[in-house]
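Participant: next one to model:
(chains A and B)
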Protein chains: 2
Amino acid sequence: MNRVEIVEVSPRDGLQNEEKVLTTEEKLELIERAARTGVRRIEVTSFVRPDRVPQLADAAEVAKALAGNGIGYSALVLNQRGYQRALDAGIREMTTLVLASDTFSRRNQGMSTREALDAVREIRQRGRADGVSVAVTIGASFGCPFEGEVPVERFTSVARAVADLDADEVCLADTIGVAVPSDIETRFGILRQCSPEVPMRVHLHDTRNTGVANAVAAVRSGVRALDASLGGIGGCPFAPGASGNVATEDLVYTLHRMGFDTGLRLDETIEHAKWVTGRLGVGLSGRLGRVGGFPG
Amino acid sequence: MNRVEIVEVSPRDGLQNEEKVLTTEEKLELIERAARTGVRRIEVTSFVRPDRVPQLADAAEVAKALAGNGIGYSALVLNQRGYQRALDAGIREMTTLVLASDTFSRRNQGMSTREALDAVREIRQRGRADGVSVAVTIGASFGCPFEGEVPVERFTSVARAVADLDADEVCLADTIGVAVPSDIETRFGILRQCSPEVPMRVHLHDTRNTGVANAVAAVRSGVRALDASLGGIGGCPFAPGASGNVATEDLVYTLHRMGFDTGLRLDETIEHAKWVTGRLGVGLSGRLGRVGGFPG
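Facilitator: The predicted model follows:
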């Protein structure tokens, strides 16, 4: 009951929003180091248009070079083409994306929310045939960089449509880091009503210093998987200078002291958070790396 | 019911832990700017030994120059001598300190926890005679920089002893920033059992990125006053490079979006957070100043 899974997303969402591009070898080292923290799921890359996300243009090379060591490696795909590239590269866990606002969806992936739902439905069908698991992330679940507030009614209608997809997991993403704990509780409550059995995951950004508070609210709302990023790397394309994903090491500290077991080791998590921020030439956005755990 | 009071402590705990010393004029400007955020309680200084806290050596000058404009100005005092100095300077709201661990108490104020309780008892008696309100802060309620963990039993015995003092308010301080939400809930629950009627306040440091999460837990545990510091200034003498008090602007963002009313205005809070960090030559530790509120 006290087990909570952390999904390390620094190789995907972290690197995608950093100015400096790591080499394929550095990315593979990041993934290997992430594995040494004790994490058992890593989102390793995304199969999207290289002209849109040049940081991850080597997605296939990264995926093909992964060592099979009991880790679940997932990748983000947005359409059939991305699905096929990921499948060819050996990926067997896919995360898909439906943005809760039409404006954001059109700007991000050139289709409305409804069209994105259709794209995910096709991916879901292919995944069933291919033995590939398909998770759905509802992006901008708590706010949109273009439309502002995402009303509860709008979120609910998207969550209902996602329920029809019968995904292996549904993730709510606070893409621009605006959620507060009461939002987390409300919207995961709605998700649970729409999909009573689905495993729930949360994807948080610490843009407004609510990442840890939201993680606690999510875990208490029945969420058992949390995306996080070593060092809190990643930033936000809509808020220059902002923090990135909630830092893995900060989540590990809080969850462990609250009695949850993540399987990660704090000291090694801090060590590798320092390594990746050093490689990127950025500061630690997470705070545990500056002061260490407690006691000691 | 949805009213939550923020107590601005940047002029005391913030400045006390910064390398750069502001002039008396700058401190008065900070206090005036804090008042313009909408806050109604400000901890303006501490009357302690100037050789121990040179940053606040001008406590009396600051206190005597305060404009009477409906703001509650409080000051920290540790003993009778400090009480008298504060009284002479016109202070009518005093905060006293009892550290939950003996080692920390001896190092910080040269007396055991028991002796500190006696000192507060005397201050409390004088306060009654003088019409001065006396709050008690239990410092290091969640962990000690010297002894490590502060066991629940130890905390409980200190909370019981504090209950006997019949203070006007009791504050639990996470002096070194190690608490997580479950600690907040447990220890405020104990405090409430020991002192069923006392107004409860919390004092948080964001050292390990738990400040906002702990504030949410505190408010949900019945706490109705929260210390905070513009810009999150202050640091921690026991963790070089650490963040300071939880940032006022970060609390305002989260509490307002959760439906609580603090009376503060986010835009002005951010403006004055930038001013004080600029004066001190430090970065914003809080995050709202970097990205602004939402929407907008």
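
Participant: now check the one helix or strand residue A:217 maps to, is it near chain B?
Facilitator: When elements are assigned from DSSP states H and E, residue A:217 belongs to helix A:211-220. Yes: judged by C-beta under 8 Å from any C-beta of the partner chain, helix A:211-220 and chain B are in contact via A:211-213, A:215-217. The way it works is simple: take the backbone N, C-alpha and C, and place the C-beta from them, glycine included.

Participant: hmm, residue A:91 is touching residue A:75, no?
Facilitator: Yes: counting by C-beta atoms under 8 Å, residue A:91 touches residue A:75, with 4.7 Å between them.

Participant: overlap in contacts of these two?
Facilitator: A:44, A:47, A:63 (C-beta atoms under 8 Å, 6 or more residues apart in numbering or on different chains).

Participant: extract the residue ranges of the stretch 51-200 of chain A that are flagged as low pLDDT.
Facilitator: By pLDDT under 70, the stretch 51-200 of chain A contains no weakly predicted segment.

Participant: what do you get if the cut-off is 90, keeping everything else the same?
Facilitator: Applying pLDDT under 90 to the stretch 51-200 of chain A flags the ranges A:67-70.

Participant: what's the closest non-adjacent residue to the closest residue to chain B within it?
Facilitator: Closest residue of the stretch 51-200 of chain A to chain B, C-beta to the nearest C-beta: residue A:148 (3.6 Å). If the residues on either side of it in the chain are set aside, residue A:148 comes closest to residue B:295, at 3.6 Å by C-beta to C-beta, 6 or more residues apart in numbering or on different chains.

Participant: and the contacts of the helix holding residue A:217?
Facilitator: Applying C-beta under 8 Å, 6+ apart, the set of residues contacting helix A:211-220 is A:4, A:174, A:177, A:179-185, A:188, A:200, A:202, A:204-206, A:226, A:243, A:245-247, A:250-251, A:254-255, A:258, A:260, B:180-181, B:209-210, B:212-213, B:215-217, B:254.

Participant: for it, buried residues please.
Facilitator: A:211-219 (16 or more other C-beta atoms under 10 Å in any protein chain shown).

Participant: spell out the secondary structure type for the residue nearest to residue A:148.
Facilitator: With DSSP: H, G, I helix; E, B strand; the rest coil as the basis, residue B:295 sits in coil.

Participant: end to end on stretch A:217-225, go ahead and measure it.
Facilitator: 13 Å (C-alpha to C-alpha, to the nearest Å).

Participant: please put the alpha-carbon coordinates of the top helix by length along chain A into CSV.
Facilitator: Assignment by DSSP state H gives helix A:113-130 as the longest helix of chain A. Provided in CSV are the C-alpha atoms of helix A:113-130 (Å, rounded to 0.1, in the frame of the first residue of the first chain):
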residue,chain,number,x,y,z
THR,A,113,-8.2,17.7,-28.9
ARG,A,114,-10.8,15.6,-30.7
GLU,A,115,-8.4,14.7,-33.5
ALA,A,116,-5.7,13.9,-30.9
LEU,A,117,-8.2,11.5,-29.2
ASP,A,118,-8.7,9.8,-32.6
ALA,A,119,-5.0,9.5,-33.1
VAL,A,120,-4.6,7.9,-29.7
ARG,A,121,-7.5,5.5,-30.5
GLU,A,122,-5.6,4.2,-33.5
ILE,A,123,-2.4,3.9,-31.6
ARG,A,124,-4.3,2.0,-28.8
GLN,A,125,-5.7,-0.5,-31.4
ARG,A,126,-2.3,-1.1,-32.9
GLY,A,127,-0.7,-1.4,-29.5
ARG,A,128,-3.2,-4.2,-28.6
ALA,A,129,-2.2,-6.1,-31.8
ASP,A,130,1.5,-5.6,-31.2
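
Participant: on that earlier part again, just want the angle from the helix holding residue A:217 to helix B:211-220.
Facilitator: Relative orientation of helix A:211-220 versus helix B:211-220 (axes from the mean of the first three to the mean of the last three C-alpha atoms, to 10 degrees): 60 degrees.

Participant: pull up the pairing partners for whichever helix or strand comes after helix A:211-220, direction included.
Facilitator: The element immediately downstream of helix A:211-220 (helix or strand, assigned by DSSP H and E) is strand A:225-228. Using DSSP bridges, the strands paired with strand A:225-228 in its sheet are strand A:5-8 (parallel), strand A:200-203 (parallel).

Participant: turn the ones you listed into TSV, including mean neighbour count and distance to residue A:278.
Facilitator: As requested, those are arranged in TSV below (neighbours: other C-beta atoms under 10 Å in any protein chain shown; distance: least, C-beta to C-beta, whole Å):
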stretch	mean neighbour count	distance to residue A:278
strand A:5-8	24	17
strand A:200-203	24	25
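
Participant: are any of the shared contacts of residue A:91 and residue A:75 buried, and which?
Facilitator: Buried among the shared contacts of residue A:91 and residue A:75 by 16+ other C-beta under 10 Å: A:44, A:47, A:63.

Participant: cross the residues you listed against strands and list the overlap.
Facilitator: Among these, DSSP state E puts A:44, A:47 in strands.
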